[in-house]
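**Q** Any chance you could fold what I've pasted below:
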Amino acid sequence: MGGYHILYLIDLIIGLILSILLNLVLIPDMGITGAGIATAVWWAVVTILIQFHVWRIFKLHPFDKFYFRKVMTFIISLLIPFSLPHSASFLFRTLMFVVSFIIIFLTFAKSSEDMEIIKVILRKVTGKGISI
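**A** Next comes the predicted model:
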């Protein structure tokens, strides 16, 4: 960030403190799942802090109008497997997450750039053009 390395260091220190606190709280009760949640939250918070500083200092807007739709798509898709009964298997929950994410993303959160990327991927996979 060219001269703003102190801000980056502060963001990482905030993330480190948050990670330690979350690990102390979540690991005793949840075990390895708690460690995973703590790590995911740590990465998310540090990323948001860094993006905020990029926006504030350089006046670069790292979010397009579809950014928050994508975030909400992820959150809603993540909540769907957790709403299933505890007897549901991990594989079924994972499948429900992936399917719900794809459906919600293709319905609400896609932008024209996303569609171009999907077309290129489909073209590479199938070897021919597909219209979406």
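
**Q** how about the helices in the chain?
**A** With helices called from DSSP state H, the chain shows them at 5-30, 32-58, 67-82, 90-104, 112-126.

**Q** What helices and strands are in contact with the second one?
**A** Other elements packing on helix 32-58 under the criterion 3 or more Cβ pairs under 8 Å, 6 or more residues apart in numbering; DSSP states H and E are helix 5-30. In this view, the C-beta of every residue, glycine as well, is placed from N, C-alpha and C.

**Q** The helices of the chain into a markdown table, with extra columns for mean neighbour count and mean pLDDT?
**A** Below are the helices of the chain laid out as a markdown table (neighbours: other Cβ atoms under 10 Å; pLDDT from 0 to 100):
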| stretch | mean neighbour count | mean pLDDT |
| --- | --- | --- |
| helix 5-30 | 14 | 91 |
| helix 32-58 | 14 | 87 |
| helix 67-82 | 14 | 80 |
| helix 90-104 | 13 | 85 |
| helix 112-126 | 11 | 80 |
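
**Q** Does residue 8 touch residue 49 like I think?
**A** No: assessed by Cβ atoms under 8 Å, residue 8 is found out of contact with residue 49, at 9.1 Å.

**Q** out of everything not next to it in sequence, what's closest to residue 82?
**A** Distances taken as Cβ to Cβ, 6 or more residues apart in numbering place residue 93 nearest to residue 82, at 7.9 Å, with adjacent residues excluded.

**Q** The one you found: what's it in contact with?
**A** By Cβ atoms under 8 Å, 6 or more residues apart in numbering, residue 93 lies in contact with 81, 82, 84.

**Q** could you check the distance from it over to residue 40?
**A** Separation of residue 93 from residue 40 (Cβ to Cβ, to the nearest Å) stands at 16 Å.

**Q** and what of residue 75?
**A** Applying Cβ to Cβ, the value for residue 75 to residue 40 is 12 Å.
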